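Asker: sequence? don't have it. structure:
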């Protein structure tokens, strides 16, 4: 069972995302309500995938994009999906450049979230198989957000 | 403004956000108690009985509505007037409508005797939820909007 960490300052969003993911058979291994907590938990729990809200209150030094950068430093192959409201295209582009693999917009559509999670996990698995010498067909990349 | 939501003494649920960027402003969403309860119940799937004793989850659900609507509204307005507008995380306040509006207007009155109030009403048809959205630009922000519209 793949382990997912949900990062969002809103308890409502964390619960909603968890409900969608658990119903599809994923395990929620951790939740974080700020960027600093997310980085600390990533180091110890090593989830298979992270959903990251990029707009969170700046209580600590890090914001959502800073957390993406820190997690990528820890694990360059980390699977991070950005959860952002509409109208934050420039932040999404910055997060993707920092190493996030895909994005979903709020209000979150369960089909779109699950499609992104499954695609990214599959891409990561294929990458590891290719490295170990096993041939796997190429998959289409997720769309880049227009700024 | 308070008249739009039932009068100054009406107990309401307000979501307040500041707008940063090219157009310094404030945004207030106001729901009647009844509508806030209906919306929170709809989002959480649990029956909420009283807006003054909302749980963290119910407050968080209403704030998330504020975040999504503010970003959508500011995204559209920003494209229209060619300005970059970024809202802060909302604060949820349960108080009389007059008190919530005064809080913003007192701050503005230090700088100007006039304010532009943009009111939008939105409805969720199945649950009959109505909310009021007010964008209150600072005087310098107001001038920017008018100049951008003139162009």
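Answerer: Received it, and whenever you're ready, just let me know what you need. If you're wondering where the values come from, they're calculated on a predicted model, not measured in any experiment.
Asker: drop to CA atoms for contacts and neighbour counts, all remaining ones
Answerer: Noted.
Asker: From the chain's centroid, how far away is whichever strand or helix holds residue A:73?
Answerer: In this assignment (DSSP states H and E), residue A:73 forms part of helix A:64-74. Remark: helix A:64-74 is offset 11 Å from the chain centroid, using CA atoms, centre = their mean, to the nearest Å.
Asker: Listing partners with orientation, what would you give for the next helix or strand after that helix?
Answerer: As assigned by DSSP H and E, the chain's next helix or strand after helix A:64-74 is strand A:80-85. For strand A:80-85, sheet partners with direction are given as strand A:49-53 (parallel), strand A:102-106 (parallel), following DSSP bridges.
Asker: what would those look like in TSV with mean pLDDT and mean neighbour count?
Answerer: As requested, the strands paired with strand A:80-85 are exported to TSV (pLDDT from 0 to 100; neighbours: other CA atoms under 10 Å in any protein chain shown):
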stretch	mean pLDDT	mean neighbour count
strand A:49-53	96	26
strand A:102-106	93	22
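Asker: Show the contacting residues for the residue of chain A positioned farthest from its centre.
Answerer: Distance to the chain centre peaks in chain A at residue A:133, reaching 27.0 Å (criterion: CA atoms, centre = their mean). Applying CA atoms under 8 Å, 6 or more residues apart in numbering or on different chains to residue A:133 gives no contacts.
Asker: doesn't it fall inside a strand?
Answerer: No - Residue A:133: not assigned to a strand; according to DSSP: H, G, I helix; E, B strand; the rest coil it is coil.
Asker: Phi and psi next, for it.
Answerer: Residue A:133 adopts backbone torsions of phi 90, psi 0, taken as degrees, to the nearest 10.
Asker: close to chain B, is stretch A:35-45?
Answerer: No - using CA under 8 Å from any CA of the partner chain, we find that stretch A:35-45 stays clear of chain B, coming within 15.0 Å at best.
Asker: buried ones in that stretch?
Answerer: A:35, A:36, A:38, A:39, A:41, A:42 (16 or more other CA atoms under 10 Å in any protein chain shown).
Asker: got it, and stretch A:86-104?
Answerer: In terms of neighbour count (16+ other CA under 10 Å), stretch A:86-104 has its buried residues at A:86-89, A:91-93, A:95-96, A:98-104.
Asker: buried set for stretch A:53-73?
Answerer: Here stretch A:53-73 shows A:53-57, A:62-72 as buried, counting by 16+ other CA under 10 Å.
Asker: Give me the lowest-pLDDT entry from those residues.
Answerer: Scanning these for pLDDT, the low point is residue A:57. It has 70.
Asker: Quick one: name the residues of chain A near chain B.
Answerer: Remark: the part of chain A in contact with chain B comprises A:10, A:11, A:12, A:13, A:56, A:57, A:85, A:86, A:87, A:88, A:106, A:107, using CA under 8 Å from any CA.
Asker: what's the nearest residue to the fifth one if we skip its chain neighbours?
Answerer: Of all residues beyond its chain neighbours, the one nearest residue A:56 is residue A:9 (5.9 Å), with distances taken as CA to CA, 6 or more residues apart in numbering or on different chains.
Asker: Confirm for me that that neighbour is in contact with residue A:31.
Answerer: No - shown here, residue A:9 and residue A:31 do not form a contact pair, counting by CA atoms under 8 Å, at 9.7 Å.
Asker: Show me the contact partners of stretch B:66-75.
Answerer: A:85-88, A:106-107, B:15, B:27, B:29, B:85-87, B:89-90.
Asker: Among those, which lie within strands?
Answerer: Secondary structure from DSSP state E places A:85, A:106, B:15, B:27, B:29, B:85, B:86, B:87 of the contacts of stretch B:66-75 in strands.
Asker: Of the buried residues of stretch A:86-104, just say which sits nearest to residue B:142.
Answerer: Residue B:142 has its nearest neighbour among these in residue A:87, at 21.3 Å by CA to CA.
Asker: Mind jotting down where the strands sit in chain B?
Answerer: Assigned by DSSP E, the strands in chain B fall at B:11-21, B:25-32, B:85-87, B:91-96, B:118-124, B:129-137.
Asker: how about a markdown table for those, with mean pLDDT, distance to chain A and mean neighbour count added?
Answerer: Formatted as a markdown table, the strands of chain B follow (pLDDT from 0 to 100; distance: least, CA to the nearest CA, whole Å; neighbours: other CA atoms under 10 Å in any protein chain shown):
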| stretch | mean pLDDT | distance to chain A | mean neighbour count |
| --- | --- | --- | --- |
| strand B:11-21 | 89 | 12 | 22 |
| strand B:25-32 | 87 | 16 | 24 |
| strand B:85-87 | 85 | 8 | 22 |
| strand B:91-96 | 90 | 11 | 17 |
| strand B:118-124 | 68 | 15 | 12 |
| strand B:129-137 | 84 | 17 | 20 |
